[in-house]
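K.L.:
Need coordinates for the below:
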Amino acid sequence: MEQLDSTCKDVNCDCKSKHELSTEESAQIYAAQKAEEEELSLLTPAQPILPQPGIPKIPLPELRKNTVSGRYRGTNSINSFELELRVDVDSNRPMYRVSGDFYRRIFGILSYYGSFTVDSFALFTVTSTTVTIQGTGSFSFGIGTTNVRVTIPRTNIFQSRAAATVQFITTGSPLGPAYSCQFISTYFRTVRYEQDQQQGVTPFVSYNTGSLPSGGPARTLAVVSSYAESGIEFQTVPATDIVPTAEAGTNLLWSDSELHASMVSHFSLWANIPQWCVWLIAAYAHEEGPGLYGIMFDQIGKQRQGCATFHQGIGGATADKLRLQLYCYVHELGHCFNLLHSWQKHYAVPPVPDRPSSRSWMNYPWNYPGGASAFWSGFPFIFDDQEIIHLRHAFRHKIIMGGNNFAVGSALEDPQAFAPPIEDNSGLQLELEAPKSFAYGEPVVVEIKLRTTDMRGKKVYSHIHPKTGLVKIGIRKPDGKVMLYEPLIEHCVIPDEITLDMDRPSIYDSAYIGYGKDGFYFDQTGNYKICATYNAPDGSEVVSNIINVRVRTPLSSADDEVADLFYGDDQGTILYLLGSDSEFLKGGNEAFDMVLDKYGDHPLSVYARLVKGINAGRTFKTISPEYKIEARNSQPEQSISLLTTVVDASKAKAGVDNITLNMTMRSMARIQQNAGDDSGAKATMDQMVNIFSSKGLKKLVLEYIIKQAEEALKQ
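P.N.:
Numbering: from 1, shown residues only. Next comes the predicted model:
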């Protein structure tokens with residue numbers, strides 16, 4: 001058997017995964033690690049069998065023993081609790097953890113109660129007959145200091161694995177009731193996996209990791225086997241479908257809004273409850289272009305249950321494309337397990353150090369030190385150790401699909417969150433701008449500007465919208481709580497590098513940050529502080545200026561009623577998506593209709609017109625209960641009518657911000673052009689240039705707007 005490096009601490013090294021460790025080997029490695037870390041060995045060796053006097057006996061070869069790692073389930077004889085136990089001490093990449101979930105059965109109803117983990121062992125002994133493990137447990141519910149003892153009889157490979165006995169020992173108290181847990185599986189968790197595909201898209205099947213240089217052993221990997229190596233069983237659901245595109249209309253590009261509606265209705269296992277079910281659709285193209293490789297969808301109440309990959313950017317049959325497809329599928333599904341990107345781990349709760357040099361499924365090859373080629377040549381096609389621990393042992397509500405929101409608790413309870421950097425030599429400046437005050441219920445939009453202070457040229461990523469993860473926005477609320485804005489849908493996009501220099505010193509974007517994964521962020525009247533950070537290609541973190549905005553107290557009953565019509569999860573989602581036909585958001589559309597019908601002259605009605613106008617101007621695709629794409633054709637007249645009122649209000653400084661106005665008028669021009677009204681499209685773009693010229697914008701900004709107008713007419 002090949003020699004193992006028992007002292008390796010590299011979270012990316014797969015030296016322990018080249019073969020399954022026996023329980024003895026694993027115990028020896030663990031003892032050696034503890035001896036090095038704590039200067040003592042926790043291994044209690046088995047007593048040697050001494051020869052007995054008398055007639056010599058020919059020793060029989062000892063049968064190889066079963067490993068004991070895996071999942072167990074059982075009850076105790078006293079109360080109504082059931083325990084699902086996970087033991088992780090041998091076999092493939094042991095993490096030396098024990099964890100479990102408690103369930104309570106009352107009158108035939110089984111409910112989740114809580115979870116525990118044992119992250120370090122005070123006792124780990126292996127004899128020829130028994131494995132004994134003991135350590136202090138951390139519980140998701142109040143229980144005090146409690147030790148957990150697990151005892152498992154050892155069996156040989158021709159026998160079934162034995163049941164585990166679990167006892168909970170509170171200091172100064174008698175032993176608690178013992179749970180007898182039968183062995184269920186060598187996998188730590190089981191997930192039902194449904195994968196669908198758009199018509200014309202060839203979904204990923206498998207990739208031989210030896211086809212191109214890599215940092216791991218050659219083997220053939222698919223999505224299911226990739227997670228199996230991590231101890232997670234994917235049970236493929238046979239009810240998969242090919243989503244037809246024949247009825248999709250002329251625009252075959254998926255928008256977030258369309259995917260939001262379609263994925264919920266198409267996912268056959270979807271339910272608005274926490275469950276071990278996940279869905280992936282292999283789609284072709286997103287409206288953001290081939291640089292968007294995938295999306296993990298998140299919505300209030302049912303987060304992390306589905307994701308999509310886009311084959312316009314990752315499709316193909318060459319080895320490098322198959323490798324990219326495998327990576328994207330596993331990566332997006334990793335988000336569904338509540339795994340953050342490798343360079344964003346500090347947003348987790350509890351926060352942990354970022355691991356930008358991790359050779360993990362959750363890193364970006366193009367963000368890796370040394371670039372994508374350095375990543376791929378050393379990538380062993382694994383999750384790193386901390387991610388493996390999360391997948392196998394995280395408390396149930398922190399990992400199960402439909403449980404906690406993505407990166408829940410990433411609200412930065414950090415008094416230094418808004419502290420300026422001590423020194424900044426990045427050559428870049430990130431600037432935020434927003435109106436000084438907003439009405440209660442008004443969508444809060446910030447303008448984002450990234451510029452270079454080094455006119456010799458600085459390479460930057462062109463994506464500065466928070467949905468791509470390169471810009472993070474912190475919000476300090478009137479009560480002092482600091483929250484990280486989390487976009488409703490995060491885009492995993494390959495960054496497009498551009499150079500900022502004298503010819504193009506700045507790039508701009510705007511973001512609606514009023515609603516996201518945590519609901520409404522500006523739901524109190526009072527003063528807010530907003531700050532942002534940008535992750536540059538060289539790894540530096542650029543901190544923005546701090547802006548102050550105030551949410552005004554309603555002055556009339558009409559203000560109160562309009563605010564009530566804006567504050568709802570459906571309305572927040574529609575504002576984020578810039579409109580939707582989804583039946584799941586029907587209540588939000590009805591609320592905006594009420595705004596227009598009853599309060600059409602109210603200043604906030606401009607936002608209802610904006611989202612309904614943008615939505616009316618596009619072909620909206622949904623998936624019917626028969627799994628067919630149904631397209632609602634664009635309604636250009638209605639769209640132009642609604643958006644014209646937005647433009648008129650904004651000219652009078654009572655509408656939307658400059659960048660949103662820019663987006664609105666470019667959308668109008670495209671809608672007119674698609675309807676065959678080329679002269680109307682040109683007139684709209686000319687009007688846009690005139691409006692911004694009258695605002696006294698700087699020459700470079702105006703040139704940027706003119707360039708956008710020209711590009712809009714070419715699309």
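
K.L.:
The helix or strand hosting residue 125: how far from the chain's middle?
P.N.:
Residue 125 is located in strand 123-126, with elements delineated by DSSP states H and E. Centroid separation for strand 123-126 versus its chain: 37 Å, with CA atoms, centre = their mean, to the nearest Å.

K.L.:
ok, now stretch 197-207?
P.N.:
That offset, for stretch 197-207, works out to 22 Å (CA atoms, centre = their mean).

K.L.:
any weak-confidence spans in the stretch 401-550 of the chain?
P.N.:
405-425 (pLDDT under 70).

K.L.:
For it, which segments are assigned as strands?
P.N.:
In the stretch 401-550 of the chain, strands defined by DSSP state E, counting those that start in this stretch lie at 428-433, 437-438, 445-452, 458-461, 471-476, 482-484, 489-493, 497-500, 506-512, 515-516, 519-520, 526-535, 541-543, 547-551, listed in chain order.

K.L.:
I'd like the average pLDDT over the strand holding residue 125.
P.N.:
Taken as a whole, strand 123-126 carries a mean pLDDT of 94.

K.L.:
Parallel or antiparallel, list what pairs with it.
P.N.:
strand 130-139 (antiparallel) (DSSP bridges).

K.L.:
Would you mark the buried spots in the partner strand?
P.N.:
Buried residues in strand 130-139, counted by 16 or more other CB atoms under 10 Å: 131-135, 137, 139. Every C-beta, even on glycine, is put in place using the N, C-alpha and C of the backbone.

K.L.:
which strands and helices sit next to whatever helix or strand comes next after that strand?
P.N.:
Downstream of strand 130-139, the next assigned helix or strand under DSSP H and E is strand 146-153. Where contact means 3 or more CB pairs under 8 Å, 6 or more residues apart in numbering; DSSP states H and E, strand 146-153 is packed against strand 81-88, strand 130-139, strand 164-170.

K.L.:
quick one, strand 146-153 and strand 81-88 angle?
P.N.:
70 degrees (axes from the mean of the first three to the mean of the last three CA atoms, to 10 degrees).

K.L.:
got a list of contacts for strand 146-153?
P.N.:
The contact list for strand 146-153, computed with CB atoms under 8 Å, 6 or more residues apart in numbering, reads 68, 85, 87, 98, 116, 118, 122-123, 129-137, 139, 162-171.

K.L.:
what about 6 Å?
P.N.:
By CB atoms under 6 Å, 6 or more residues apart in numbering, the surrounding residues in contact with strand 146-153 are 68, 98, 118, 130-134, 136-137, 162, 164-170.

K.L.:
Same check on stretch 77-90?
P.N.:
Residues outside stretch 77-90 that contact it (CB under 6 Å, 6+ apart): 21, 23, 26, 67-69, 71-73, 75, 94-95, 97-106, 164, 166, 177, 179, 181, 188, 392.

K.L.:
Okay, buried residues for it please.
P.N.:
82-90.

K.L.:
what's the answer for stretch 388-407, then?
P.N.:
388-407.

K.L.:
Then stretch 470-489?
P.N.:
470-477, 482-489.

K.L.:
In contact with the residue nearest the centre of the chain: list those residues for me.
P.N.:
The chain has residue 335 as the residue nearest its centroid, 3.6 Å off, counting by CA atoms, centre = their mean. Residue 335 is in contact with residue 296, counting by CB under 6 Å, 6+ apart.

K.L.:
Residue 617 touches residue 673, doesn't it?
P.N.:
No. Counting by CB atoms under 6 Å, residue 617 stays clear of residue 673, with 11.0 Å between them.

K.L.:
Same drill for those two, tell me which one is more crowded.
P.N.:
residue 617 (25 against 20; other CB atoms under 10 Å).

K.L.:
residues near the nearest residue to that one once chain neighbours are set aside, how many?
P.N.:
Distances taken as CB to CB, 6 or more residues apart in numbering put residue 639 closest to residue 617, at 3.4 Å, once the chain neighbours are dropped. Neighbour count for residue 639, taken as other CB under 10 Å: 23.

K.L.:
Okay, buried residues for the helix or strand harbouring residue 639 please.
P.N.:
In this assignment (DSSP H and E), residue 639 forms part of helix 636-651. The neighbour-count check on helix 636-651 (16+ other CB under 10 Å) flags 636, 639-640, 642-647, 649-650 as buried.

K.L.:
One more: stretch 646-666?
P.N.:
Buried positions in stretch 646-666, judged by neighbour count with 16+ other CB under 10 Å: 646-647, 649-650, 655-666.

K.L.:
From the residues you listed, pick the one nearest residue 204.
P.N.:
Of all those, residue 204 sits closest to residue 663, with 34.1 Å by CB to CB.

K.L.:
Please report how far that closest one lies from residue 105.
P.N.:
54 Å (CB to CB, to the nearest Å).

K.L.:
what's the answer for residue 66, then?
P.N.:
Counting by CB to CB, the gap from residue 66 to residue 105 is 30 Å.

K.L.:
out of those two, which sits in the more crowded spot?
P.N.:
residue 66 (23 against 13).

K.L.:
need the contact list for the residue nearest to residue 564 when sequence neighbours are not counted.
P.N.:
With sequence-adjacent residues excluded and distances taken as CB to CB, 6+ apart, residue 564 is closest to residue 441, at 7.6 Å. The contact partners of residue 441, by CB under 6 Å, 6+ apart, come to 563, 566-567.

K.L.:
Among those residues, name the ones in helices.
P.N.:
563, 566 (DSSP state H).

K.L.:
Okay, buried residues for stretch 494-512 please.
P.N.:
494-495, 500, 504-505, 507-512.

K.L.:
Name the residues that touch that stretch?
P.N.:
By CB under 6 Å, 6+ apart, stretch 494-512 touches 291, 443, 445-452, 455, 457-466, 659-660.

K.L.:
so how many other residues sit close to the nearest residue to residue 286 once chain neighbours are set aside?
P.N.:
Counting by CB to CB, 6+ apart, residue 292 is the residue found nearest to residue 286 once chain neighbours are left out, at 4.6 Å. Residue 292: 23 surrounding residues under other CB under 10 Å.

K.L.:
wait, isn't residue 292 in contact with residue 493?
P.N.:
Yes. At 4.6 Å, residue 292 counts as touching residue 493 under the criterion of CB under 6 Å.

K.L.:
just to revisit the earlier point, can you list the buried residues of helix 636-651 in a markdown table and add pLDDT and distance to residue 314?
P.N.:
Output for the buried residues of helix 636-651, formatted as a markdown table (pLDDT from 0 to 100; distance: CB to CB, whole Å):
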| residue | pLDDT | distance to residue 314 |
| --- | --- | --- |
| 636 | 91 | 33 |
| 639 | 92 | 33 |
| 640 | 93 | 36 |
| 642 | 94 | 36 |
| 643 | 94 | 34 |
| 644 | 93 | 40 |
| 645 | 93 | 41 |
| 646 | 92 | 36 |
| 647 | 92 | 38 |
| 649 | 90 | 42 |
| 650 | 87 | 39 |
